[in-house]
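# pasting the sequence and the predicted model now:
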Amino acid sequence: MTYRSKIDINCDMGEAFGQWRLGETDDALLYPLITSANVAAGFHAGDPNHIDRSVQLAKQHGVGLGSHPGYGDLQGFGRRTIKAPPAELVNDIVYQMGAVEAFARRHKVPIQHVKLHGGLAVDSAVDEALSHAFIDMLRELAPDLPAYGMHAAVTCKIAQEKGQPYVREFYADRAYDRSGRIVFVRSAQRPDPEALAARVVKACQEGTVETVDGETIELPFESICFHSDTPGSYDVIRAIRAALDRAGIKVVPLPEVLAAS
């Protein structure tokens, strides 16, 4: 039996600042091939003009819109840890969520989710105090708003305990260790699109992934994530979509995936 016959595909979008853009692919090419977008909110990347464009593209293509808060680290693209009290980091998250939400209201697009970026996501996955503060904030401000993240993150456990919706991800273009967490990288290498596509199909069919140690582990998920800054991202998502189609696995909006879970 196929583990996932219906799946959401999410991608980090708007990761640019002024005239600078990370990655070689224009986001406009990717939106027709995904169902959820995580919009950089200004701290690790993004600015008002890029947020505005991202929200408009999500509306144009009927893609679920989410905010993508990160560490205040433009130079390091949010991949360097910032040591600060959880309360301060959560205020940074609230600030960034508010920025994306304002543009969403302007263009009459609902906010579907929130997803932490880079170092902030990796650190919160093992930091109970930060995860509690993050989930407590969502319970106060947006108790029905799903948070995306790793299944093996402490954030997932805390969200489930406190009743906050949580969407578990399979990272198509990232390696896993035996704990079920992704292996953090500062710069992604150009992958083989067909190999990644086969890996995604296997995960959807079996609910498993092979780790960097050569082990096979179970990995429950509701959404596939790939990154717009991965070299060749357009070829990657086209290969993934084609492979999913051949396998009879439907790419659908997140609410339809959750309804089928």
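Perfect, I can see it now.

# just the strands in the stretch 101-250 of the chain please.
Secondary structure of the stretch 101-250 of the chain by DSSP state E, counting those that start in this stretch: the strands cover 111-115, 147-149, 166-171, 208-210, 216-218, 223-227, 250-251.

# so where's the protein uncertain?
Across the chain, residues meeting the criterion (pLDDT under 70) sit at 1, 184-188.

# if we use 80, what do you get?
Counting by pLDDT under 80, the chain has low-confidence residues at 1-2, 22-24, 184-189.

# need the contact list for residue 43.
When contacts are counted by Cβ atoms under 8 Å, 6 or more residues apart in numbering, residue 43 touches 69-74, 78, 92, 96. Just so you know, the C-beta spots here come from the backbone N, C-alpha and C atoms, and that holds for glycine as well.

# and if you look at residue 2?
For residue 2, the contacting residues are 204-205, 247-249, taking Cβ under 8 Å, 6+ apart as the criterion.

# buried only: go through those for me.
Of all the contacts of residue 2 considered here, the ones buried according to neighbour count by 16 or more other Cβ atoms under 10 Å are 204-205, 247, 249.

# CSV for those residues, including distance to residue 159?
Supplementary listing: these in CSV, determined by distance: Cβ to Cβ, whole Å:
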residue, distance to residue 159
204, 23
205, 27
247, 30
249, 26
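
# quick one, which of the strands of the stretch 101-250 of the chain is nearest to residue 33?
The minimum distance between residue 33 and those falls on strand 250-251, with 8.3 Å, by Cβ to Cβ.

# if we can go back for a sec, quick one, which of the strands of the stretch 101-250 of the chain gets closest to residue 192.
Of the strands of the stretch 101-250 of the chain, the one closest to residue 192 (Cβ to Cβ) turns out to be strand 223-227, at 13.5 Å.

# quickly run through the sheet partners of the closest one, with directions.
The sheet places strand 223-227 alongside strand 6-13 (parallel), strand 166-171 (parallel), with pairing taken from DSSP bridges.

# residues touching residue 249, list them.
The neighbours of residue 249, taking Cβ under 8 Å, 6+ apart as the test, are 2, 4-7, 201, 204-205.

# among those residues, name the ones in helices.
When DSSP state H is applied, these are split such that 201, 204-205 fall in helices.

# closest one to residue 190 out of those residues, please.
Closest to residue 190, out of all of the ones in helices among the contacts of residue 249 and judged by Cβ to Cβ, is residue 201, at 20.5 Å.

# burial of that closest one, as a residue count?
Burial measure for residue 201: 18 neighbouring residues, criterion other Cβ atoms under 10 Å.

# hey, which helix is longest across this protein?
Under DSSP H, the chain gives helix 86-106 as its longest helix.

# what is the burial count for the closest residue to residue 47 other than its chain neighbours?
Take residue 47 and drop its neighbours on the chain: the residue closest to it by Cβ to Cβ, 6 or more residues apart in numbering is residue 17, 5.4 Å away. The local packing of residue 17 (other Cβ under 10 Å) involves 18 other residues.

# equivalent analysis for the one 3 residues further on, please.
The local packing of residue 20 (other Cβ under 10 Å) involves 10 other residues.

# could you do the one 3 residues further on as well?
Taking other Cβ under 10 Å as the criterion, the count of residues near residue 23 is 19.

# sec struct for it, please.
Using DSSP: H, G, I helix; E, B strand; the rest coil, the structure places residue 23 in coil.

# from residue 77, how far out is it?
When Cβ to Cβ, to the nearest Å is applied, the distance between residue 23 and residue 77 equals 11 Å.

# what do those two both touch?
For the pair residue 23 and residue 77, residues contacting each of them under the criterion Cβ under 8 Å, 6+ apart are residue 15.

# give me the distance from the longest helix of the chain to the chain's centre.
Remark: helix 86-106 is offset 16 Å from the chain centroid, using Cα atoms, centre = their mean, to the nearest Å.

# so which of the strands paired with strand 223-227 is nearest residue 151?
Nearest to residue 151 among the strands paired with strand 223-227 is strand 166-171 (4.2 Å), distances taken as Cβ to Cβ.

# tell me how far the closest one lies from the chain's centre.
8 Å.
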